[in-house]
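Q: Generate a structure from the sequence data that follows.
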Amino acid sequence: MKIFITAIVFIGLTVFLVTSFLLPEIEELMAMRDEMDSHQRRLDSLEEYIKKVEDIEEKRDKYEEELKRVNHILPVYPEMPAVFSTIEEMIRRNDLAIVSLGSVSVRRTDEAVDFKEVEFSFNVFGGYPEFKNLIDDMESLERIIKIDSIRMEREGWSYLFSVEAKTHFFLD
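A: Below you'll find the predicted structure:
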């Protein structure tokens, strides 16, 4: 009977020690494992997100030249000095004389569209074939330039051409 009582005391003491000390530790380990699983899922999700971002960057790099071209066609800023410089170079290349280059006005287009319109004008002096070549050169530009009006005045064997045009740029 002493052995029986000793066994019961021993079993009771074991149950008491297990429930007092080991069970909280086991519960804490289980909670840590659940937290670790949660962090692992979050890490997997972030790695998947990073992979998607890298794929997007790779695609962007693949189309970088095309994106630069689109930005050149319809830039964020008016960049009128560059436009005037290009037009001036084309005028000289086509053997025309610059009378005036400038007269700029900027206005916002339709409220539904997020870009502005820059109207400008220039006057050149020279022959009709040279002026026609200038217009052809302007058509081949990547930058969109719309010619609104051309006025010709004959002066001897040459003409004075007055051109009103516009280009666009995105709003900031």
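
Q: which SS state does Leu142 fall under?
A: No Leu there; residue 142 is Glu. Under DSSP: H, G, I helix; E, B strand; the rest coil, the three-state class of Glu142 is coil.

Q: need the next SSE after the lowest-mean-pLDDT helix or strand in the chain, C-terminal direction.
A: Ranked by mean pLDDT, DSSP states H and E, the weakest helix or strand in the chain is helix 64-73, scoring a mean of 65. Counting by DSSP states H and E, the element after helix 64-73 in chain order, helix or strand, is helix 80-93.

Q: just checking, what packs against that next one?
A: For helix 80-93, the packing partners by 3 or more CB pairs under 8 Å, 6 or more residues apart in numbering; DSSP states H and E come out as strand 97-108, strand 115-126, helix 128-139. For the C-beta atoms, the positions are set from N, CA and C on the backbone; glycine is no exception.

Q: Give me the sheet partners of the helix or strand just after the last one and which way each runs.
A: This means helix 128-139. Per DSSP H and E, the first helix or strand lying C-terminal to helix 128-139 is strand 145-155. Paired strands of strand 145-155, with direction, are strand 158-170 (antiparallel) (DSSP bridges).

Q: what inclination does the strand it pairs with have with respect to strand 115-126?
A: 160 degrees (axes from the mean of the first three to the mean of the last three CA atoms, to 10 degrees).

Q: can you give me how far strand 158-170 is from the chain middle?
A: 29 Å (CA atoms, centre = their mean, to the nearest Å).

Q: cool, stretch 124-134 as well?
A: Remark: stretch 124-134 is offset 38 Å from the chain centroid, using CA atoms, centre = their mean.

Q: Including distance to Glu25, could the helices and strands packed on helix 80-93 go into JSON lines?
A: Shown next, in JSON lines, are the helices and strands packed on helix 80-93 (distance: least, CB to CB, whole Å):
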{"stretch": "strand 97-108", "distance to Glu25": "70"}
{"stretch": "strand 115-126", "distance to Glu25": "67"}
{"stretch": "helix 128-139", "distance to Glu25": "81"}
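
Q: Just give me the neighbour total for the closest residue to Thr86 other than its chain neighbours.
A: Closest residue to Thr86 apart from its sequence neighbours, by CB to CB, 6 or more residues apart in numbering: Leu141 at 6.9 Å. Leu141: 15 surrounding residues under other CB atoms under 10 Å.

Q: got the CA positions of stretch 136-153 in CSV?
A: C-alpha atoms of stretch 136-153 as CSV (Å, rounded to 0.1, in the frame of the first residue of the first chain):
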residue,chain,number,x,y,z
ASP,A,136,8.5,68.0,-94.6
ASP,A,137,11.3,68.0,-92.0
MET,A,138,8.8,69.3,-89.3
GLU,A,139,6.5,66.5,-90.1
SER,A,140,9.2,63.9,-89.5
LEU,A,141,10.0,65.2,-86.0
GLU,A,142,9.1,63.0,-83.1
ARG,A,143,7.7,65.9,-81.2
ILE,A,144,4.2,66.6,-82.3
ILE,A,145,3.9,70.0,-83.9
LYS,A,146,0.7,71.1,-85.5
ILE,A,147,0.8,73.9,-88.1
ASP,A,148,-2.3,76.0,-87.8
SER,A,149,-1.7,78.5,-90.6
ILE,A,150,0.9,79.5,-93.2
ARG,A,151,0.8,82.9,-94.9
MET,A,152,2.9,83.6,-98.0
GLU,A,153,3.9,87.1,-99.3
